[in-house]
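Peer 1: any chance you can model this:
(2 chains)
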Amino acid sequence: MRPVVLDTSVVLPAVLSPRGYRRRFWVVLALGALAARRDLLRQDADALRAESASAGGQAGGATLELLAVQAEARYALLREALPEGCPDDWQLVASRPLLAEYERKLREAGPRLDPTLREEDIDVVRQQIAAICVDMTEDFDPELIPSYTSDRKDDPVVHTALLADASWLIADDTKHICTEPGGSTEYQLPGTDRRISAVTFSRFLDHLSDIDLDQVDPSLLEVAFRSSGGG
Amino acid sequence: MSAVRSQPKLLSTKQAAELLNVSKRTILNWIENDKVPYAKLPGGDYRVPLAGLLASLSGTYRLDEEIRALDERYAAVGDADVHAALEDEG
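Peer 2: Now for the predicted structure:
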């Protein structure tokens, strides 16, 4: 599994630019989410049953087994539509503060692209991002994390990537996050030996050797979210 | 933490609401309408599994239709346009 954490400078183009390269990678991440979700949903089903049994309660609502079947169906459909050999082990990881930062940036920058951007649109984008996340790190207070960058607002994405032990932090912010021109910028979790590398999206493509994004149809994103599970 | 967690995560309704930036009432509505999986504890509290919650989003929202509609509105927007808007924000 290859966990990645994305800065707003990558996520917002992925969701707002329907034909861009970041959207194409977003589709690959959607495939990774569906692949991982099949297993995670079954783990959650066991946990829910155990929690209910130990506490004397009862499980209810949408069944996790059904959700796992739907994830499997969506996975199969998306896999079929993507180029042969498209990897399904790239996984998006986020955190609650990072999701909040995505939304803050969307609220500020979104209206510049489209003055008619509505609250419902922001809601949909946020749920879309959450639905592509395979996992969330432990929660943290952005005010209490170490200072990694020259802009305090960029520290949560770095901290999230370190907590996630991400393979890559991908950011097109070369002013504060990817400050090594043309290379990777290294960050370390204080008091540990955990390190992550931050790279720009174009630099990341050099490492994305197992898929040619030119072959990925960016409009396939909706397949990952079909309510009927592929029907 | 590794990418694929070893321990499933069960969230309280408050944690689930904070995660998705919706009200606790919204989470309770989803529970009451069987939109998301949950465990009801004897004291009346609920636990919602993280993966199940995230997987349920396409059922609680018509994400496929919403994404298609947004994409049609933003058809002419390129990555550089979004970056320019972000730079304006500073």
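Peer 1: buried set for stretch B:13-32?
Peer 2: B:13, B:15-22, B:26-27, B:30-31 (16 or more other CB atoms under 10 Å in any protein chain shown). (Glycine included, C-beta is placed from N, CA and C.)
Peer 1: what of stretch B:60-71?
Peer 2: B:60, B:61, B:63, B:64, B:66, B:67, B:70, B:71.
Peer 1: with secondary structure added, can I get those residues in TSV?
Peer 2: Formatted as TSV, those follow (DSSP: H, G, I helix; E, B strand; the rest coil):
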residue	secondary structure
B:60	helix
B:61	coil
B:63	helix
B:64	helix
B:66	helix
B:67	helix
B:70	helix
B:71	helix
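Peer 1: ok, and of these, which contact chain A?
Peer 2: B:60, B:61, B:63, B:64, B:66, B:67, B:70, B:71 (CB under 8 Å from any CB of the partner chain).
Peer 1: now the helices: where do they sit in chain B?
Peer 2: Counting by DSSP state H, one finds helices in chain B at the ranges B:13-20, B:24-32, B:50-60, B:63-73, B:79-89.
Peer 1: repeat for chain A
Peer 2: A:8-16, A:21-55, A:64-81, A:96-113, A:119-132, A:155-163, A:201-207.
Peer 1: residue ranges in chain B under the pLDDT threshold?
Peer 2: Residue ranges of chain B with pLDDT under 70: B:1-8, B:59, B:88-90.
Peer 1: so how far is chain B from the most far-flung residue of chain A relative to its centre?
Peer 2: Largest separation from the mean C-alpha position in chain A: residue A:56, at 35.4 Å (CA atoms, centre = their mean). Counting by CB to the nearest CB, to the nearest Å, the gap from residue A:56 to chain B is 5 Å.
Peer 1: I'd say that residue and residue B:42 touch.
Peer 2: Yes: with contact defined as CB atoms under 8 Å, residue A:56 reaches residue B:42; the gap is 5.0 Å.
Peer 1: taking the buried residues of stretch B:13-32 together, which two end up most distant?
Peer 2: B:21 and B:31 (17.5 Å; CB to CB).
Peer 1: roughly how far does the residue most central in space within chain B sit from residue B:45?
Peer 2: With distances taken as CA atoms, centre = their mean, residue B:20 lies nearest the centre of chain B, 4.7 Å away. Residue B:20 sits at a distance of 18 Å from residue B:45 (criterion: CB to CB, to the nearest Å).
Peer 1: just the pLDDT at residue A:185, thanks.
Peer 2: pLDDT, residue A:185: 96.
Peer 1: and it, what is it in contact with?
Peer 2: A:177, A:178, A:179, A:197, A:198, A:199 (CB atoms under 8 Å, 6 or more residues apart in numbering or on different chains).
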